[in-house]
Structures are given as structure tokens and as C-alpha cells.
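Undergrad: Need a 3D model of the sequence below.
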Amino acid sequence: MLTRAEIQHLRSLREKRRREESGLFVVEGPKVVGELLAAGFTFTEVLATPDWPAPTGVEVNRITPDEMARISHFPTPSAVLAVGRISRPALPAGGLERGLTLALDGVQDPGNVGTLIRIADWFAFDRVLLSPDCADLFHQKVINASMGSFARVPVHVLELPAALAPSSANRPTEVIGCDLDGEEHFRLPPLKDAVVVIGAEGRGLSSATKPLLTRRVTIPRLGKAESLNAAVAAGIICAHLRRGGN
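TA: Predicted coordinates:
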């Protein structure tokens with residue numbers, strides 16, 4: 001049985017400030033918890049109702065449906081909620097010089113951030129960068145949207161202007177930004193080492209990041225849609241860079 005203090009603590013983790021203070025986050029739902037466990041992510045605690053079939057070797061704290069309803073972060077409680085420890089690994093020296101990186105510049109929608117992490121995983125990008133003004137990596141919606149990719153792709157939170165500056169030891173040869181004034185993305189050659197920068201919907205790339213680009217690309221509009229979702233645009237660019245099996 002959960003104590004009142006435990007219930008309050010678990011409920012409080014929906015707030016970023018409390019997550020930062022405790023160094024813990026929660027993720028809820030059989031699919032996403034299962035995906036993260038399958039990807040090798042280690043939780044500090046897994047709480048589940050009796051009807052959730054725990055994977056072999058996973059220690060579970062069984063609670064009642066009523067207790068789950070009291071700690072759930074969703075309007076409709078799920079069968080399982082897991083607690084993880086927050087980790088923010090630093091980017092290794094020279095970490096952007098090799099491989100493909102997806103950098104998010106002020107993307108504040110949690111669902112988009114999670115989907116972009118999943119896109120990076122799908123196209124085997126080596127890492128994802130988040131500017132500090134992106135949605136919190138440990139937000140429930142970010143983790144849910146990323147599914148198991150949250151545990152498979154290294155994600156680093158850092159100031160993009162410093163990381164992408166010409167003087168940076170990390171800087172790759174190509175820094176590609178999605179911009180309406182750029183060249184058509186079809187002209188991009190397949191690349192093995194590059195950073196792809198995606199800006200926030202509506203605002204686009206920040207004024208601090210734009211001058212650091214080596215290429216600006218746009219996806220030609222053939223129909224009448226006003227704009228593309230940030231994750232859709234990223235998927236198109238990432239697929240284009242990976243063409244030919246790179």
C-alpha cells in the first residue's frame with residue numbers, strides 16, 4: 001500500500017521543478033514502459049496493477065487500481081507507471097565531428113520533441129541535441145512520443161550557438177538548417193557527418209543559430225498547405241541524407 005507521502009511525491013513529478021529537485025521522472029503506460037524495458041532502460045521502481053503482465057526479471061510493486069488512479073498522470077489511468085532517474089550526459093569532446101546529429105532549436109511542443117527523437121532513431125542518427133528552451137526531455141509527453149527511442153539515442157541539452165560555432169572543437173563540416181529561403185533539399189548530397197538543425201514551428205530557427213549554418217535547405221511546396229510540421233520536415237531531410245544506405 002502506498003503512503004500519502006508517496007502518492008504526493010509521484011503526482012508531483014509531473015512538474016519540471018519537482019523532477020529537477022528529486023532527480024526522478026515518471027513514465028506511464030504499458031506500451032511505452034514495455035518499449036523502454038526492452039531497450040534496456042533501468043527504472044528505479046515499477047508500479048503496476050495486478051492485471052499488468054510484468055516481463056521476466058522485472059521487479060514490480062503491485063498496487064490497486066484505486067492507488068494507480070491517485071498517482072496517474074493521465075485522465076484515464078493505465079496499468080503501469082515507472083520511475084526513472086534523470087541523467088544528463090555531457091557531449092564528449094569532438095562529439096559532433098563524426099556521424100549525424102539532429103539538433104532541435106527551441107522546439108517547445110513535447111510531442112514534437114519526442115517524435116523527433118524517434119525519427120533520429122529510425123534513421124540511425126548518432127545523437128540528438130536540445131537547446132535549453134526546448135521541451136523538457138523528461139516530460140511525460142516527450143518520453144511517450146519517443147517510445148523506446150528515448151533509451152536508444154543519446155540526447156544532450158546544450159547551447160547550440162556555442163556547440164556549432166566555427167571555433168568549437170565539436171563543429172562538423174556541415175551544419176544544415178531548415179529555412180524557407182534555403183536551396184531545395186533535393187540538392188543535398190548524401191552525408192555521413194553533419195548536423196541537421198530544426199527550428200520551432202512558427203518561429204523557425206533562432207537568430208543566434210542561423211548565422212552558424214553552412215547550408216540552408218527548404219522542402220519545396222507543391223500543393224497549398226501553409227506549412228509542414230517540424231517532425232515531418234525533419235523526417236524528409238533525414239531520409240534524404242540517408243539515401244543510398246549511408
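Undergrad: Walking through this protein, point out its helices one by one.
TA: Ranges of helices within the chain are 4-12, 16-22, 30-38, 65-71, 110-122, 140-146, 149-152, 160-164, 230-241, based on DSSP state H.
Undergrad: what about the second one, distance to the chain center?
TA: Between the centre of helix 16-22 and the centre of its chain there are 18 Å (CA atoms, centre = their mean, to the nearest Å).
Undergrad: For the helix or strand of the chain with the lowest mean pLDDT, which outside residues touch it?
TA: Least confident helix or strand, the chain: strand 175-184 with a mean of 85, by mean pLDDT, DSSP states H and E. The contact list for strand 175-184, computed with CB atoms under 8 Å, 6 or more residues apart in numbering, reads 164, 188, 194-199, 204-205, 209-210, 212-220, 233-234, 237. Where C-beta positions appear, they are placed from N, C-alpha and C, glycine not excepted.
Undergrad: Out of those residues, which end up buried?
TA: By neighbour count, with 16 or more other CB atoms under 10 Å, those hold 164, 188, 194-199, 204-205, 209-210, 212-213, 215-219, 233-234, 237 as buried.
Undergrad: Take those residues and keep only those in strands.
TA: Under the assignment DSSP state E, those contribute 194, 195, 196, 197, 198, 199, 215, 216, 217, 218 to strands.
Undergrad: ok, back up a step: which one, of the helices of the chain, ends up nearest to residue 102?
TA: Of all those, helix 110-122 sits nearest to residue 102, with 4.4 Å by CB to CB.
Undergrad: Outside of that closest one itself, which residues are in contact with it?
TA: With CB under 8 Å, 6+ apart, helix 110-122 has contacts from 102, 104, 107, 127-128, 130, 134-137, 139-150, 152-153, 155, 198, 201, 229-231, 234-235, 238.
Undergrad: Tell me which residues of the least confident helix or strand of the chain come out buried.
TA: Buried-residue list, strand 175-184, by 16+ other CB under 10 Å: 175, 176, 177, 178, 179, 182.
Undergrad: Paired strands for it, with orientation please.
TA: Looking at strand 175-184 with DSSP bridges, its partner strands are strand 194-199 (parallel), strand 215-218 (parallel).
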